[in-house]
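1. Make a model of this:
(one chain, ligands or ions: 2)
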Amino acid sequence: MRKPSSPTLFDSFLEKSANRLLGRRRERSLILLGVFIFFPFLLFLNMTGCSKADPRFELDELYLLKLEKYLAPLSPPQKANLEAVLIDLYGTPNEPTLPTSPSFDFLSLEDLKMAAGAVSSTEEGHSHGLYRQHCADCHGLSGDGKGPRALVIDPYPRDYRQGIFKFKSTLRDQKPTHDDLKRIVEFGIPGTAMPSFRLLPENEKDRLVDYVIYLSIRGETERQLAEYIIDELEEGELLLDKAKGKGSPEVLEAKEIIDEIAEEIALSWKEAADYPISVSPSPLKQFTGEEREAKRLEMVLAGQTLFRTETANCTKCHGVMAMGNGESQDYNDWEKAYFDILSPDSGKEYLDAGAFPPRKANPRNLRRGVFRGGYKPEDIYRRIHQGIAGTPMPSVIIKPENAPDSIQGLTEYDIWCLVEYVRNLPYEEESQGVRNGPLPPQIK
Ligand code: HEC
Ligand code: HEC
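-> Ligands and ions are numbered 1, 2, ... in the order given. Here you go, the predicted structure:
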């Protein structure tokens, strides 16, 4: 494994040499000599790449600051040690690696290597560095959502390191499947800056998805290891102290704990597909022609009534007219980790440490007919059933079809009525001035 070379050593060498030069007789000729010899030398070094350090995954400093605030700080040696442990597990942005455990066998290291690294292509025309070419400008080298373009984008590009994803076919608390993320890469997220990469070859889309999963697992591992260090170790104790000897009980035990933490996170991805949102068939499926249209209108009306009831509570955020102007105001989880919407001065220390200014989670204006998680009735059913993870949009409690009104929750039929209501909204008279541009064809 390559270690990042340190440009600072070279800088100080230059500085010392220059001082030595200037410290002697301050003859012009010598300085000129310096100019003529050192600058071409510098240029040469730069061209051969000697002064460029390999890129590294930056530690999640904001999260460490939060741990410091509520629990305890990590000492500088503990931080350096954590970084080294993470490199042992996952490699570097140029050379990814994976633990050998079967929990990780759903990811292909070969594919990750094609997605990682600097942008280049092989003689056979295979592209390397896919992530840096297509995604890092927004999502950042480490998947922190802080690429050079990120600050002016709303909503911000996603920080993958919390392991939370919004639009998926699995239960709210579960990871998305490979196919869920591939759908995002394929179609983008309408109404946001997340573009569609439909034109990329299939295998490149698959590699990018695996790389997102890799960054997410890496980020989550980092957080959990930092928590472990603070919770379980003595003050200043290193997570993996190799000085204690490779085969020493301390090192073996530490390795086992580190592997266990990483494997559990990987397993949550590997097994995501075991937790699908169950989508009952749409009641409309039993009807055709005029009967179907009559049933649809009946469901739209029932949906409107439900939408405005306290049980469904949709108006709290989306407003009575479903224009996204309800009274509830909040942040998404990525902001909530550092800011409190009720105290505007909260999180100042995080802003000083580089956090992006928090943006409110905007409940959708449902009259515009833009569905970020997909336009199919089943997609919207999933959104309403499980809410949208990482955002204030809650999941609903499902109750049996024949349960009395006194029992809290919605039936599957109720959800389908809400789906039809939501799908019909852009076509209502009141929506005319609200839509901008033609409606997407998929919607009706
Ligand atoms: C121009 C900026 C931009 C680029 C380039 C970009 N994204 Fe995104 N991406 C976003 C934004 C913004 C979001 C957040 C949207 C939201 O929260 O609704 C996002 C969200 C995502 C999500 C989260 C989806 C979910 O369900 O939560 C994934 C996965 C993702 N992007 C993958 C990629 C991949 C892979 C690439 C490169 C092939 C890429 N993005 C390139 C802006 C970008
Ligand atoms: C606590 C606030 C809140 C409540 C209650 C709420 N929503 Fe939402 N809803 C949101 C937010 C915020 C978003 C945007 C999430 C995002 O994309 O980041 C959203 C988005 C949506 C979307 C868009 C999905 C997509 O794919 O773009 C639909 C549809 C929706 N809500 C329907 C409903 C329905 C129906 C109810 C009632 C059962 C409801 N919401 C209750 C906050 C809420």
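
2. Where does the prediction get shaky in the stretch 51-200 of the chain?
-> Within the stretch 51-200 of the chain, the stretches with pLDDT under 70 are 51-52.

3. quick one, helices of it?
-> Remark: helices assigned in the stretch 51-200 of the chain by DSSP state H, counting those that start in this stretch are 61-70, 76-90, 109-115, 130-134, 136-139, 178-187.

4. quick one: which of those helices is nearest Thr288?
-> Thr288 lies closest to helix 178-187 among the helices of the stretch 51-200 of the chain, at 29.0 Å (Cβ to Cβ). Glycine gets a C-beta too; all of them are placed from N, C-alpha and C.

5. shouldn't Leu130 be in contact with Met114?
-> Yes - taking contacts as Cβ atoms under 8 Å, Leu130 lies within contact range of Met114: 6.5 Å.

6. Need the overlap of contacts for the two.
-> Glu204, Arg207 (Cβ atoms under 8 Å, 6 or more residues apart in numbering).

7. coming back round to it: which of the helices of the stretch 51-200 of the chain sits closest to Phe197?
-> Across these, closest to Phe197 is helix 178-187 (Cβ to Cβ), at 5.1 Å.

8. count of neighbours near the residue of the stretch 301-444 of the chain found nearest ligand 1?
-> Among all residues of the stretch 301-444 of the chain, Arg372 sits closest to ligand 1, at 5.4 Å; criterion: Cβ to the nearest ligand atom. Applying other Cβ atoms under 10 Å, we find 20 residues neighbouring Arg372.

9. And the closest residue to it other than its chain neighbours, how far from Val279?
-> Using Cβ to Cβ, 6 or more residues apart in numbering and skipping residues adjacent in sequence, the residue nearest Arg372 is Ile189, 4.8 Å away. Noted for Ile189: a distance of 21 Å to Val279, by Cβ to Cβ, to the nearest Å.

10. Can you pull the residues of the stretch 201-350 of the chain lying near ligand 2?
-> By the rule Cβ under 6 Å from any ligand atom, the part of the stretch 201-350 of the chain lying against ligand 2 is Phe307, Ala312, Asn313, Cys314, Lys316, Cys317, His318, Ser328.

11. closest to Glu234 out of the helices of the stretch 51-200 of the chain?
-> Going by Cβ to Cβ, the one of the helices of the stretch 51-200 of the chain nearest Glu234 is helix 76-90, 10.6 Å.

12. between that closest one and helix 61-70, how many degrees?
-> Angle between the axes of helix 76-90 and helix 61-70 is 130 degrees (criterion: axes from the mean of the first three to the mean of the last three Cα atoms, to 10 degrees).

13. Pull out the buried residues from helix 76-90.
-> Under the neighbour-count criterion of 16 or more other Cβ atoms under 10 Å, helix 76-90 has Gln78, Lys79, Asn81, Leu82, Val85, Leu86, Ile87, Leu89, Tyr90 buried.

14. what do you get for stretch 213-232?
-> Buried-residue list, stretch 213-232, by 16+ other Cβ under 10 Å: 213-226, 228-230.

15. same question, stretch 177-194
-> For stretch 177-194, by 16+ other Cβ under 10 Å, it's 177-178, 180-189, 194.

16. and Ala312, what element?
-> Using DSSP states H and E, Ala312 maps to neither a helix nor a strand.

17. That one: neighbour count?
-> Counted with other Cβ under 10 Å, Ala312 comes out at 20.

18. If I look at it, what pLDDT would I see?
-> Note for Ala312: predicted pLDDT of 94.

19. Leu418 is in contact with that one, correct?
-> Yes - with contacts counted by Cβ under 8 Å, Ala312 reaches Leu418, the gap being 6.7 Å.

20. quick one: common contacting residues for these two?
-> Shared contacts of Ala312 and Leu418, counting by Cβ under 8 Å, 6+ apart, come down to Leu306, Leu410.

21. Tabulate the CA atom coordinates of stretch 72-85 in PDB.
-> Provided in PDB are the C-alpha atoms of stretch 72-85 (Å, rounded to 0.1, in the frame of the first residue of the first chain):
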ATOM      1  CA  ALA A  72     -14.900  13.200  24.700                       C
ATOM      2  CA  PRO A  73     -12.300  14.200  22.200                       C
ATOM      3  CA  LEU A  74     -10.100  11.800  20.300                       C
ATOM      4  CA  SER A  75      -6.400  12.700  20.800                       C
ATOM      5  CA  PRO A  76      -4.300  13.400  17.700                       C
ATOM      6  CA  PRO A  77      -2.500  10.000  17.900                       C
ATOM      7  CA  GLN A  78      -5.900   8.300  18.300                       C
ATOM      8  CA  LYS A  79      -7.200  10.100  15.100                       C
ATOM      9  CA  ALA A  80      -4.000   9.100  13.200                       C
ATOM     10  CA  ASN A  81      -4.500   5.600  14.400                       C
ATOM     11  CA  LEU A  82      -8.100   5.500  13.400                       C
ATOM     12  CA  GLU A  83      -7.200   6.700   9.900                       C
ATOM     13  CA  ALA A  84      -4.500   4.000   9.600                       C
ATOM     14  CA  VAL A  85      -7.100   1.300  10.700                       C
END
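
22. quick one on the thing from earlier: considering the buried residues of helix 76-90, which is situated nearest to Asn203?
-> Tyr90 (22.1 Å).

23. Setting the sequence-adjacent residues aside, check what's closest to that closest one.
-> Spatial nearest neighbour of Tyr90, chain neighbours left out: Arg218 (4.6 Å); criterion: Cβ to Cβ, 6+ apart.

24. Tell me how far the one you found lies from ligand 1.
-> To ligand 1, Arg218 is 15 Å away according to Cβ to the nearest ligand atom, to the nearest Å.

25. burial measure for the closest residue to Gly129 other than its chain neighbours, as a count.
-> Distance criterion Cβ to Cβ, 6+ apart; nearest residue to Gly129, sequence neighbours excluded, is Val119 at 3.7 Å. Neighbours of Val119 under the rule other Cβ under 10 Å: 13.
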